[in-house]
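> Predicted model, plus sequence, below.
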Amino acid sequence: MANTSRKATDDKTTDTTQSEKNNKTSDAAQNELPGPMAVLRAAQTQLAELTGMTAESVSSFERTDEGWLLEIEVLELARVPDTMSLLATYEVRLDPQGELTGYRRIRRYERGRSDSRNK
């Protein structure tokens, strides 16, 4: 009977140790910040969910003191021919974990137009 009691105690100790390891692992995962590609994908997905428009490309991407700042090109209005479609550039702000904290449209243009350069 002593062996049975000892085995039960050993099993509880093993379960407790495993539980502590799992808690430490999940705490470490929560403290880890996502990498640039994960942030980029999250930004595109979240912007699409909020606006209903699909991101075409990311034209600017940087880490800031507050998190992340991106400029994402979005198709706002499809036209024929495609060069007449309306695109927009959205400035997207995310916190350090990659959660969208705000966005705004900063430019709207036809696909076939290039930026004018001041010389």
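Looks like it came in fine. Numbers count the residues shown, from 1 in each chain.
> Could I get the average pLDDT for stretch 48-61?
Averaged across stretch 48-61, the pLDDT comes to 95.
> Which positions within that stretch qualify as buried?
Buried residues in stretch 48-61, defined by neighbour count with 16 or more other C-beta atoms under 10 Å: T51, M53, A55. (Each C-beta comes from the backbone N, C-alpha and C, glycine too.)
> Show me where the chain has its strands.
55-63, 68-77, 86-94, 100-110 (DSSP state E).
> residues near the spatially closest residue to L100 that is not a sequence neighbour, how many?
By the measure of C-beta to C-beta, 6 or more residues apart in numbering, the closest residue to L100 outside its immediate chain neighbours is Q46, 4.2 Å from it. By other C-beta atoms under 10 Å, the residues close to Q46 number 17.
> Quick check: Q46 vs L94, distance?
Distance of Q46 to L94, computed by C-beta to C-beta, to the nearest Å: 8 Å.
> Common neighbours of those two, please.
L100 (C-beta atoms under 8 Å, 6 or more residues apart in numbering).
> Show me the residue at the heart of this protein, geometrically.
Taking C-alpha atoms, centre = their mean, the centroid of the chain lies closest to A42, which sits 2.4 Å from it.
> Can you tell me how far it is from S85?
Look at A42 and S85: by C-beta to C-beta, they are 26 Å apart.
> before we move on, the earlier item: any chance of the strands of the chain in a markdown table, with distance to A38 too?
Below are these laid out as a markdown table (distance: least, C-beta to C-beta, whole Å):
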| stretch | distance to A38 |
| --- | --- |
| strand 55-63 | 12 |
| strand 68-77 | 11 |
| strand 86-94 | 11 |
| strand 100-110 | 13 |
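> low pLDDT regions in this structure?
The model of the chain has pLDDT under 70 over residues 1-31, 117-119.
> let's see it at 50
Within the chain, the ranges that satisfy pLDDT under 50 run 25-26, 119.
> And the chain, split by domain according to the record?
Domains of the chain are assigned by automatic domain parsing as 1-32, 36-110.
> Now the terminal residues of the longest one, how far apart.
If I follow you right, that is domain 36-110. Length of domain 36-110, first residue to last, C-alpha to C-alpha, to the nearest Å: 29 Å.
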